[in-house]
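*Asks:* no FASTA, just this:
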């Protein structure tokens, strides 16, 4: 079984995001970048399936600038076998990403796609569902448990009010939730080995996909700073302020 794991380069989850002075976007200069946390979980799950003997090869793919090779190397150090970089200077929106992944799924003969349910920069939560629609694969979203057996995959999903278990025939698409696993750290020997693992570099045009966006960012602003709270003397005063000042009741 071949597993494809898409990963995204994002600002590290522990870095405080800063807006550019001209409000044109997020300041990325000298900012620590990492693999999207949900993508890390997807990489970990794919590696675990390989360690269990359920998968023969784990391929990671990233769509972005040449800097994304850093994140691919990190995934290779964690245990993935090879990487693919679809290099573009343009920002690929979810539908463009799904179209690129569809081509790679068909080209590589992928049996299972595992990807993070969303990225922490845009929070769209769309690529997995779009990819399943384009390929016609069954999908198991928000996975908190995954079991592969005899050409099928059983996915336990996080849903409102509990969990839902679905059985999917391979090939399939699975998106990961936070409770699925705890990603490992790359060891020094594996980091050194990752330098020798292959990374194929292609452009969207080479695989027949046009990266375009119909969304234009007009302005980016930081959220307003939270103001200090006040102490009220009674419930009646609280209700009065909620009505007259906060206007929430």
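*Replies:* Cool, the structure landed. Since the structure is predicted, the reported quantities are computational estimates derived from the model, not experimental observations.
*Asks:* okay, CA-based contacts and neighbour counts for the rest of this
*Replies:* Will do.
*Asks:* what are the ranges of the strands in the chain?
*Replies:* With DSSP state E as the criterion, the chain has strands at 2-7, 9-11, 33-35, 57-64, 82-87, 112-116, 139-149, 152-159, 162-169, 172-176, 199-202.
*Asks:* What strands line up against the fourth one, and which way round?
*Replies:* Looking back up the chat, that one is strand 57-64. Strand 57-64 has the following strand partners under DSSP bridges: strand 2-7 (parallel), strand 82-87 (parallel).
*Asks:* distance between it and the chain's centre?
*Replies:* In this view, strand 57-64 has its centroid 12 Å away from the chain centroid, taken as Cα atoms, centre = their mean, to the nearest Å.
*Asks:* neighbouring contacts of that strand?
*Replies:* Identification of contacts with strand 57-64 by Cα atoms under 8 Å, 6 or more residues apart in numbering yields 1-9, 43, 46-47, 50, 68-69, 72, 75-76, 80-92, 97.
*Asks:* Wait, residue 220 touches residue 25, no?
*Replies:* Yes: Residue 220 lies in contact with residue 25 (Cα atoms under 8 Å); the separation is 5.4 Å.
*Asks:* Just the buried residues of the contacts of strand 57-64.
*Replies:* 1-9, 43, 46-47, 50, 68-69, 72, 75-76, 80-88, 92, 97 (16 or more other Cα atoms under 10 Å).
*Asks:* Residue 134: how many residues sit nearby?
*Replies:* 14 (other Cα atoms under 10 Å).
*Asks:* Which residue, other than its chain neighbours, is closest to it?
*Replies:* Using Cα to Cα, 6 or more residues apart in numbering and skipping the chain neighbours, the partner closest in space to residue 134 is residue 102 (6.9 Å).
*Asks:* was I right about that neighbour contacting residue 129?
*Replies:* No: when contacts are counted by Cα under 8 Å, residue 102 is not listed as touching residue 129 (11.9 Å).
*Asks:* Which one's more surrounded, those two?
*Replies:* With neighbours defined as other Cα under 10 Å, residue 102 and residue 129 compare such that residue 129 has more, 21 against 18.
*Asks:* Distance check, the more buried one against residue 47.
*Replies:* 22 Å (Cα to Cα, to the nearest Å).
*Asks:* before we move on, the earlier item: from residue 60, how far out is the residue nearest to residue 134?
*Replies:* 14 Å.
*Asks:* do residue 178 as well
*Replies:* For residue 178 relative to residue 60 (Cα to Cα), the value is 19 Å.
*Asks:* between the two, who's got more neighbours?
*Replies:* Each of residue 178 and residue 60 has its neighbours counted (other Cα under 10 Å); residue 60 has more, 29 against 16.
*Asks:* Specify the beta-bridge partners of the more buried one.
*Replies:* Assigned bridge partners for residue 60, using DSSP bridges, are residue 5, residue 83.
*Asks:* Likewise for the one 4 residues further on?
*Replies:* Partner residues in beta bridges with residue 64: residue 87, with DSSP bridges as the criterion.
*Asks:* Report how many residues lie close to it.
*Replies:* Residue 64: 19 neighbours (other Cα under 10 Å).
*Asks:* Cool, thanks, talk later.
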